[in-house]
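**Q** This is the structure alone, sequence omitted:
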């Protein structure tokens, strides 16, 4: 399970050190793709396959499903971390997420989100209040 917040830096070649505690799970391979709110999603390969299979079970007659799947898969890049635990983030994905040097990696259970640090801080500041107000509405009975 991926948890926590980490702040690695992107090097000049577009490579990012994965947090050490995530490396074993991602070592066999991973997929980086577009996420919502201009972040990137990082999935272990097996989890990506599961998510993709669920998406492709949607009816092909659904325009919303087709649109979502197109954006999600067209940006996908399969990667294998190098011996130092680095992955290369393709230029098109770095541009999509506005990644420069300072990045924030957040664990999301079965996946990871990769944000430009300034964008993450803006998002968090804008959403912290609603987070505390909506916990019962989002997941009834959780707390």
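**A** Arrived safely. Just so you know, these numbers come straight off a predicted model, no measurement behind them.

**Q** avg pLDDT for whichever strand or helix holds residue 53?
**A** According to DSSP states H and E, residue 53 maps onto helix 45-56. Taken as a whole, helix 45-56 has an average pLDDT of 96.

**Q** I'd like the next helix or strand past it.
**A** helix 63-74.

**Q** any residues touching that following helix, and which ones?
**A** 33, 34, 52, 55, 56, 58, 59, 60 (Cβ atoms under 8 Å, 6 or more residues apart in numbering). C-beta: built from backbone N, CA, C; applies to glycine.

**Q** and it, which residues are buried?
**A** Within helix 63-74, the residues that qualify as buried by neighbour count (16 or more other Cβ atoms under 10 Å) are 69, 72.

**Q** about what we covered before: the helix holding residue 53 packs against which elements?
**A** strand 30-34, helix 63-74 (3 or more Cβ pairs under 8 Å, 6 or more residues apart in numbering; DSSP states H and E).

**Q** circling back: of the contacts of helix 63-74, which is the nearest to residue 41?
**A** Relative to residue 41, the closest of the contacts of helix 63-74 is residue 33; by Cβ to Cβ it sits at 5.4 Å.

**Q** Name the spans of this protein whose pLDDT lies under the cut-off.
**A** 134-143 (pLDDT under 70).

**Q** now the residue nearest the centre of it, nearest residue through space, not along the chain?
**A** In the chain, the residue lying closest to the centroid (Cα atoms, centre = their mean) is residue 41, at 1.8 Å. The shortest distance from residue 41 to any non-neighbouring residue, by Cβ to Cβ, 6 or more residues apart in numbering, is to residue 35 (4.1 Å).
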